[in-house]
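*Asks:* my questions are about this predicted structure, shown below with the sequence.
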Amino acid sequence: MKKIETKLYDDFLELFRINPKAFSHGNSNFVKQQRELSRQNFEANGFPSNKNENWRKTDLSKALNNNYIIDYQEIERGKETKSLFECEIIDFDTKLFTILNGWWASNTDLTSNSQGVIISSMRKAQLDFPEIFDKYYGKVAKEENGLISLNCAFYTDGYFIYIPDNVEFTQTIQIVNLIESQSKLFSNTRNLVVMGRNSKLKLVHCDDSLSRVDSVVNSVTEIIVGDGANLDFYKLQNKDEHSTVLTSNFIEQGANSQTNSNTITLNGGLIRNHIDVKLAGKGGNANVFGLYLVDKTQFVDNHIFVDHAMPNCTSRQLFKGIADDNAKAVFSGHILVRQDAQKTEAYQNNNNIQLTDTAGIFTHPFLEIFADDVKCSHGATVGQLDNDALFYMMQRGICERTAKMLLMFSFTQQVIEHIQLSKLRERIVHLVTRRLKGELASCENCALSCENPNSVMTFEIDMEKV
Amino acid sequence: MDKGEDQLLKDVTQNEYKYGFTSNIDTDFIAKGLNEDVVRLISAKKKEPEFLLEYRLKAFRKWKTMEFKEWAHLKIPKIDYQEIIYFAAPKNTKNLESLDEVDPELLATFDKLGISLQEQKILSGVAVDAVIDSVSVKTTFSETLSKFGIIFCSFSEAVQNHPDLIRKYLGSVVPIADNYFAALNSAVFSDGSFCYIPKGVRCPVELSTYFRINAANTGQFERTLIIADEGAYVSYLEGCTAPQRDENQLHAAIVEIVAHKDAEVKYSTVQNWYPGNKDGKGGIYNFVTKRGLCEGNNSKISWTQVETGSAITWKYPSCILKGDNSVGEFYSVAVTNNHQQADTGSKMIHLGKNTKSTIISKGISGGKSHNSYRGLVRINKNAINARNFSQCDSLLLGDRCGAHTYPYIETNNSTAIVEHEATTSKISDDQLFYCKQRGIAAEKAIGLIINGYAKEVLNKLPMEFAVEAQKLLAISLEGSVG
């Protein structure tokens, strides 16, 4: 693998040489061993350069050539996170946990409620629940590039969720990953979610930034979905333009399990989402949806890999995006149907709207099929707003700007309607509307703390002209 | 799938390659291996002008610095380039005045292949350039064509008679360093066809080249150059076969097309190189660089290919749509069986305004073969109102084969409209049931369905070829579907 020449690479390795226990301090032996293996992999592979096929359009070198601080000092727990962040979704009944600068910041660990559900920090979980932790940790994540190895070796903390067999966790779990730092920060977070047989979980993961400094979040999330289990997974990314977010999500599904994954990217500097779903049991179903709205010089890359390893599984991918100004959007979807994974149904769709000549859309919808009794298809389009529709609306008295916005909004609706949590859906409708109006990006500090969060959005339709 | 169909499938996949004979032709070889001396020797043997030797040497030096990049979905065994003979030609390659002077064994070879040069000349109205091993043996119809000002001859003749044209256009579409095999070909190419259609001339007959590898251990490196001047039109056909041998043979060709203002070039290929036996032994490695340049406004280049042969196919006929309103088309049926591997598709690079491209690719895989579509559609900044439609369907005829699709779409213009769709499936039970219920036997029904599936592409072939291609498809897949 070709690697990027950057000081950061040396910094990480140097840090390890000086203080080998900086990151593994307080870890279980098992994790320490794993970290050492991953460190070797990172040393060998480095940061992936755009000479590698999977990174062809994603150039990390600019984002990485920066004087980042590698933060490995555990922060003081129980900081009043409410003062830092308040979720704007009104009446959104969630169990909220915060990760700040790569460390578990919430005061509370929900360790073992009456049903046996565990929500805790990774550090705590590996010591308190080794029998669960060791069984699943590192089993699903594939160290296919240096970033993942880097994370495995140098992660600070993250969340651990365990839902026992036949337990339905009704409340939505919300994890907020925040960056608040005066200096440029590179954080590695690592998460593990284990769902037992026939369990149910709704998980919302938000990436936000509080301070406008250059930062990199490199996170790896492993999710094991047991037989017959049901997972609703939402990722909401609303960062500022100084942020680089690199996420690698590995989901392994058991027989007859169901996963809905929604990745909504509203703002960010450089964002790469790698979502790897393995349908490892018969009859599994995976829905992988995503929406990205990028403008200015933003860059988003969604890299989806769906592995049909067993027969009778279905998967659906739908990614839609709008690129404005100088923004670039990459979609790379890959469906692999293995030999003997018969009766597979796999669909993949990527639709893009390119608004300016300086924007760029790169889409690579791949199919790789080794079984014959399958129904697979993919479609990819790049286009513009429909002129006929625009004309129709304008002749009804809707101004051009509103008409365009309405069209773009309806374009995004196909993804948004898959969001099952109604409060979240309302909020995202709201955010997308503002985003399309260009209001979100213009906020001073944080994209989310807009001056007037409660104002109701309306489309500007001049009724007199209708 | 019932048992009968299973059997049928087996029968098809085990069909023998019928062009696998070897002819006993006196052949002139040079020693195997590749170095600068060999390049010089080839050039000297062909009495080439200085500029061409320089071109070859430049390419060879470049090639030495390059390495083969394995990005394709192919398992390519290591090729020892020093074990290959880079020049083999039937002896007696003096200029032939008439067909009577052609070695009878050679004529018989072409007769056996169903390409009677004699008959072709008289009956079909197709001008044929026959290339055996590395050398063009006979071009029919040249005299008639020359009345129109059309130049259709072997590449070597063109080098002697029209060096200015060669100097101007050689490497103008596929540069020396384009890729590993292009560099190799540029260094050691032996012969091929050359075609120039002057301004405003519509070529009255189909031009055709027939490639045949005969000698063992040789590589075939032919070079085709087609130039359509302003307002010209030509339809060009290419066919290929090779004997059945246990070792693999390398075929690395380059085809360059230049279409000037208002010109149209239609290039059709029926590729049936020896695919290896049913255990995957032997067969041709077909690494071909084909590219067309729509240089002028309103020009059009259309590629049609039926790919049934070769152990490994690595081929991406492309169009560079430089002129405004130019059009690029790619129609392909690729059939793989047994252990064949194919990684083929098209590249459409939109540079000019209002450029349009269409890609229709139909893959059919059976046995243990792998069939991939790989394509690129790129819309550049200045390509206003560019339009592309791509459709890539795959049909799977067994549970041990693979069908893959790797499209790349890159747009840098807000007026671009690009659509890509692909499906992968097996022959639908419903369709089969419907046919059988109407009294059509399973095998026939399968043939019918496959033919219907490939129709969109076969319809684009010139008539003479369409018949051959349909037959070829039937032979390659007879009874193979379930």
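*Replies:* Structure received.
*Asks:* switch to C-alpha atoms for all contacts and neighbour counts from now on
*Replies:* Fine.
*Asks:* quick check: mean pLDDT of stretch B:446-460?
*Replies:* Taken as a whole, stretch B:446-460 carries a mean pLDDT of 83.
*Asks:* and if you look at stretch A:333-348?
*Replies:* Stretch A:333-348 comes out at a mean pLDDT of 93.
*Asks:* so which bits of the stretch 351-466 of chain A are right by chain B?
*Replies:* Counting by C-alpha under 8 Å from any C-alpha of the partner chain, the stretch 351-466 of chain A comes close to chain B at A:354-384.
*Asks:* contact residues of chain B facing chain A?
*Replies:* So far as C-alpha under 8 Å from any C-alpha goes, chain B lies against chain A at B:381, B:396-426.
*Asks:* in strands only, show me the residues of the stretch 351-466 of chain A next to chain B.
*Replies:* A:354, A:360-369, A:374-383 (DSSP state E).
*Asks:* buried among those residues? Need that as a selection in ChimeraX.
*Replies:* In ChimeraX, this line selects whichever of those come out buried by 16 or more other C-alpha atoms under 10 Å in any protein chain shown:
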select /A:354,360,361,362,363,364,365,366,367,368,369,374,375,376,377,378,379,380,381,382,383
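*Asks:* list the contacts for residue A:368?
*Replies:* A:334, A:335, A:336, A:337, B:402, B:403, B:404, B:405 (C-alpha atoms under 8 Å, 6 or more residues apart in numbering or on different chains).
*Asks:* lowest-scoring secondary structure element of chain A by mean pLDDT?
*Replies:* helix A:81-84 (a mean of 55; mean pLDDT, DSSP states H and E).
*Asks:* report how many residues lie close to residue 199.
*Replies:* Here I'm looking at chain A. 22 (other C-alpha atoms under 10 Å in any protein chain shown).
*Asks:* try chain B instead
*Replies:* 18.
*Asks:* name the residue of the stretch 51-200 of chain A that lies nearest to chain B.
*Replies:* residue A:53 (8.1 Å; C-alpha to the nearest C-alpha).
*Asks:* now the element after the least confident helix or strand of chain A, going C-ward?
*Replies:* strand A:94-100 (DSSP states H and E).
*Asks:* I'd say residue A:314 and residue A:288 touch.
*Replies:* No: judged on C-alpha atoms under 8 Å, residue A:314 makes no contact with residue A:288 at a distance of 11.2 Å.
*Asks:* any weak-confidence spans in the stretch 351-482 of chain B?
*Replies:* For the stretch 351-482 of chain B, the stretches flagged by pLDDT under 70 are B:464-465, B:468, B:472, B:474-482.
*Asks:* cool, and the stretch 201-350 of chain A?
*Replies:* Looking at the stretch 201-350 of chain A by pLDDT under 70, you get an empty list.
*Asks:* contact residues of it facing chain B?
*Replies:* So the stretch 201-350 of chain A meets chain B at A:339, A:340 (C-alpha under 8 Å from any C-alpha).
*Asks:* again, only this time at 10 Å
*Replies:* A:323-324, A:326, A:328-342, A:345-350 (C-alpha under 10 Å from any C-alpha of the partner chain).
*Asks:* so which residues of the stretch 101-250 of chain B form strands?
*Replies:* Ranges of strands in the stretch 101-250 of chain B, per DSSP state E, counting those that start in this stretch, are B:126-132, B:135-139, B:151-154, B:193-197, B:206-212, B:223-228, B:233-241, B:248-251.
*Asks:* who are the packing partners of the longest one?
*Replies:* The helices and strands touching strand B:233-241, judged by 3 or more C-alpha pairs under 10 Å, 6 or more residues apart in numbering or on different chains; DSSP states H and E, are strand B:126-132, strand B:193-197, strand B:206-212, strand B:223-228, strand B:264-271, strand B:300-307, helix B:463-477.
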